[in-house]
Structure formats: structure tokens, C-alpha cells
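Novice: show me how the following folds:
(one chain, ligands or ions: 1)
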Amino acid sequence: MNRPRRILETPAVPQPVIAATGLYVPPHSISNQELVDAFNAFVASFNIENAAAIADGTVAPLQPSSAEFIEKASGIKSRHVMDKTGILAPAVMRPILPERPNDEISVLAEMAVAAANDALGRWGGDKSDIGAVICAASNMQRPYPAMAVEVQDALGLSGFAFDMNVACSSATFGLKTAADFISSGSTKAVLMVNPEICSGHLNFRDRDSHFIFGDVATAVVVSGSETAGAWRILGTRLKTQFSNNIRNNFGFLNRAAPEGIGKPDKLFVQEGRKVFKEVVPMVSEMILSHARDIGVDPRSLKRLWLHQANINMNEMIGRKVLGREPRADENVIILDTFANTSSAGSIIAFHTANEDFAAGERGLICSFGAGYSAGTVFVEKI
Ligand code: COA
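Specialist: Residues are numbered from 1 along each chain as shown. The predicted structure follows:
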């Protein structure tokens, strides 16, 4: 007996798009010269205080820093920070951010909310469609409750929220997670925020790295509605490969170590040269193979919005990806005024340099950093 055939309709898979981005820029900016003046004042007083030990060879004298070196080696000219006065006081040399009571919004969440409000205002969509908030950043202010849940509450959003940390690659890992939530039907829209107070984990007394980071917050709304002006996500790919060359050993077990808490301070450390040499080929190959696998000709990309750590790294990756010397407008650099803002760097670059795209034009958001970790997100203007 013939039974009537049921026609099974395959539900359309929602196409994730970047619907809007937002930016929060902290109130203070520090030029290289200001930073170097503070560092060199610290060096001078250290060398005076330790003159006898330096003379008998038991302590090495500290060397001064230089604004010219910083700009030449990194491309950084200045950086935004949440507190300038503490960083520039030679006896302090760290941001001073008073602890807030539990019934006040925490400073990291406040930055994220400011960036999110910028993104939500540009989006103009229905906030009730946002069913997930991801806080993707290098350093959370506390282990729990998750920063993302505090941001969700401050914005009056429902659904679920969680934190994720993949260092400088956090935003692209967050974008992929958001895109996958959209494709799988978990929610109609996702808010991802990237608040970064990098000045809090930077050793301003370390000549090799005192100039590297800045503070900022970015936000991205990823949705499943292909509205005009949004950015279709053509493909996302993530990669990790263990390395000790960029490391931060701060954590809750520090107090369990016999040396005691804060001895020495657990701050950012890196082998900058090794990072440079190992990450440039890793990321260039990843971009090219991802482009090939999704049928995108890398030479046809209108723009690269790369992670912002070092201008020389970005120029080398740009050359390898485009197969020629990229023009300045093809390889966006914002690290000159923001420095390395960890997860937020590629999102700031995207946010500040995408207005001139016509429908159908394509670009690449790419991040890389500690782990090592790297993420590629190819996008096309709708
Ligand atoms: N002022 C003046 N001179 C300095 C200095 C400073 N602040 N810091 C280092 N130098 C000197 C060094 O002592 C060294 O001198 P020498 O040649 O006489 O030994 C020289 O400058 C070169 O030092 P080096 O550390 O090799 O510099 P670099 O060209 O590698 O640049 C970085 C340093 C950190 C800017 C660069 O390596 C970098 O950005 N790497 C990638 C890092 C990265 O992307 N990290 C990701 C973090 S998320």
C-alpha cells in the first residue's frame, strides 16, 4: 500500500551578519614622550638609589627608553588609557582605578556598556532579539559573576551571557561563536563586547614592553537578518598553537604560591622578536588557506582589518595576503593612536574604516596573539 509521502522542508539556515559595531574611547591619552619621560625618571632614581650596588657590579643599571625607538619598532605614537596620572607618576607607574562597591557597575562592564550602546544605537534593531551576550577579552575584572552577565543586566537584555578569553584573538573567537549561535538558531542576535584595560596588566617599569598597550572597548551586534548596510559573514576560522612567548601568569593560585601574592607582580611578558617571527607566517598562511577554501581571491579584498600590535607585522602580513605592497587605505592602521588594545584592535580598525564599501565588496577581520591564537572572519558588504 502506498502511503502518502511527507515532504520534509529543510528550514533555511539563518545567514549571520555583522549588523553594527560600537566603540568606547577612554578619557586620557598618553604620548610616547610622556611615557618615556616617566620611565626615564624612574630609571634615574633607581640608578641613584642603587649606585653602590651598580658600582660593585651586583645590580645592573637600568637603561633609558626612547620615543624614537618606540615609534620605529612598533608604529605606536600614543595610547588611550583609563587613568593617566598613576601611570605617569614615577613612584606609582600603574593606573589608579578605585575599587567600586558591589552595588555599582564595575569599570570594565561600564566601558563595555558604553561601546554596546554605541553599537545598539547604530543597529536600531529590536533589543529583545538579542538572546546572548559574549564578553570576549584578554583580562576579566574578576572571575565571577561573568562580566557579560553584568553587561546584559545593565542593558536590560534577556537570554544568556558568558565570558571568554582567547587573549588578543578573543574578538574573532567571539564573532565565530556568535555566528554559530545565529546559524544554529540559538538566538536571533548576539551582542559581543571587548572591554580592555590593558594598562592594568602592563609593567610600566619594563623597558621592552612599557609602551605596548592601551585601553578601549568595542562592541559588535551579530544578527541573522540580512539588512542593507550590514556585513555578510562569508566564513570564520580559528586556530591555536601553544607558545610561551606571550604570557600572563596572574591568577587565583598566585596566593597559594610560597612566594606570596604579588612577588613578583604577575604581569604581561613576551619575547617580542620570537612572536614576530612565528606569528607572521602562521597568520599569513591561515588567511590564504581560509580564503582558498571559501573561494575568495585574497587579491580581491578591498581592505584588511588586522589585529593591531605592530605596524611592521601588519605590513608583512598585508604583503603576503595581497601579493603586493598594500596601500595605506587597504591595510588599516589604528595602533598609532590606540597602541595594542588586545582583542579590540581589529574591531576598532573595522569600525573606523568601512564606510566607503559598496554592496558586494569584501574585506577581512583578523586577529592574532597569545596562545598562540588567530581568527579570520571574511565579510561582504550587503
Ligand atoms: N627604548 C630604547 N631601546 C629599546 C627599548 C626602548 N623602550 N626597548 C628595547 N630597546 C632596544 C633593545 O635593548 C635592543 O637593543 P640592542 O639591539 O642594543 O640589543 C633593541 O632595542 C632591539 O630590541 P628588540 O626587543 O629586538 O626590539 P624589536 O625590534 O623586536 O621591537 C617589539 C620590540 C616589542 C616592538 C616587537 O618585537 C614586537 O612588536 N613584536 C611583536 C609583539 C606582538 O605582536 N605581541 C603581541 C602581543 S599581544
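Novice: quick one: buried residues of stretch 107-124?
Specialist: Going by neighbour count (16 or more other C-beta atoms under 10 Å), the buried part of stretch 107-124 is 107-116, 118-120, 122-123. Every residue, glycine included, has its C-beta placed from N, CA and C.
Novice: then stretch 325-333?
Specialist: For stretch 325-333, by 16+ other C-beta under 10 Å, it's 326, 330-333.
Novice: what sits against Pro326?
Specialist: By C-beta atoms under 8 Å, 6 or more residues apart in numbering, the contact list for Pro326 reads 304, 315, 318-319.
Novice: that one and Lys320: what is the separation?
Specialist: With distances taken as C-beta to C-beta, to the nearest Å, Pro326 is found 10 Å from Lys320.
Novice: what's the answer for Ala60, then?
Specialist: On the measure of C-beta to C-beta, Ala60 and Lys320 end up 39 Å apart.
Novice: same check, this time on Phe211
Specialist: From Phe211 to Lys320 the distance is 26 Å (C-beta to C-beta).
Novice: between those two, who's got more neighbours?
Specialist: Phe211 (29 against 16; other C-beta atoms under 10 Å).
Novice: need the three-state assignment for that one.
Specialist: Of the three states, Phe211 takes coil according to DSSP: H, G, I helix; E, B strand; the rest coil.
Novice: give me the number of residues near the closest residue to Gly75 other than its chain neighbours?
Specialist: With C-beta to C-beta, 6 or more residues apart in numbering as the criterion, Gly75 has its nearest non-adjacent residue at 2.7 Å, and that residue is Ile311. A count of neighbours around Ile311, defined by other C-beta under 10 Å, yields 18.
Novice: for Ile311, list the residues it contacts.
Specialist: Ile311 neighbours (C-beta under 8 Å, 6+ apart): 74-75, 333, 335-336.
Novice: quick check on these: which are buried?
Specialist: Among those, those buried by neighbour count (16+ other C-beta under 10 Å) are 74-75, 333, 335.
Novice: from Phe42, how far out is the residue in the chain positioned nearest to the ligand?
Specialist: Using C-beta to the nearest ligand atom, the closest approach of the chain to the ligand is made by Gly272 at 2.6 Å. According to C-beta to C-beta, Gly272 and Phe42 sit 21 Å apart.
Novice: looking at these two, which one has more neighbours?
Specialist: Higher neighbour count among Gly272 and Phe42: Phe42, with 21 against 16, using other C-beta under 10 Å.
Novice: what helix or strand is that one on?
Specialist: Secondary-structure assignment from DSSP states H and E places Phe42 in helix 32-49.
Novice: distance from the helix or strand just after that helix to the middle of the chain?
Specialist: Next along the chain after helix 32-49, taking DSSP H and E as the criterion, comes helix 51-55. On the basis of C-alpha atoms, centre = their mean, to the nearest Å, helix 51-55 sits 42 Å off its chain's mean C-alpha point.
Novice: alpha carbons of helix 51-55, as CSV, please.
Specialist: Output in CSV follows, covering the C-alpha atoms of helix 51-55 (Å, rounded to 0.1, in the frame of the first residue of the first chain):
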residue,chain,number,x,y,z
ALA,A,51,74.5,53.5,42.9
ALA,A,52,76.7,51.5,45.3
ALA,A,53,75.4,48.1,44.1
ILE,A,54,75.7,49.2,40.5
ALA,A,55,79.3,50.3,41.2
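Novice: which residues of the stretch 201-350 of the chain lie near the ligand?
Specialist: Applying C-beta under 6 Å from any ligand atom, we find that the stretch 201-350 of the chain lies next to the ligand at 207-208, 246, 270, 272-273, 275-276, 309-310, 313, 340.
Novice: make TSV from those residues and add pLDDT and secondary structure to it.
Specialist: Output for those, formatted as TSV (pLDDT from 0 to 100; DSSP: H, G, I helix; E, B strand; the rest coil):
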residue	pLDDT	secondary structure
Arg207	97	coil
Asp208	96	coil
Ile246	97	strand
Gln270	96	strand
Gly272	94	helix
Arg273	95	helix
Val275	97	helix
Phe276	95	helix
Ala309	96	coil
Asn310	97	coil
Met313	97	helix
Asn340	98	strand
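Novice: drop anything exposed from those.
Specialist: The neighbour-count test (16+ other C-beta under 10 Å) marks 207, 246, 270, 272, 275, 309-310, 313, 340 as buried among those.
Novice: so what's the residue nearest in space to the middle of the chain up against?
Specialist: Centroid-nearest residue in the chain: Ser343, 1.2 Å away (criterion: C-alpha atoms, centre = their mean). Ser343 makes contact with 136-138, 166-171, 174, 194, 196, 218, 367 under the criterion C-beta under 8 Å, 6+ apart.
Novice: spatially, what comes nearest to it if we skip its sequence neighbours?
Specialist: Computed as C-beta to C-beta, 6+ apart, the closest residue to Ser343 that is not its neighbour in sequence is Ser170, at 3.7 Å.
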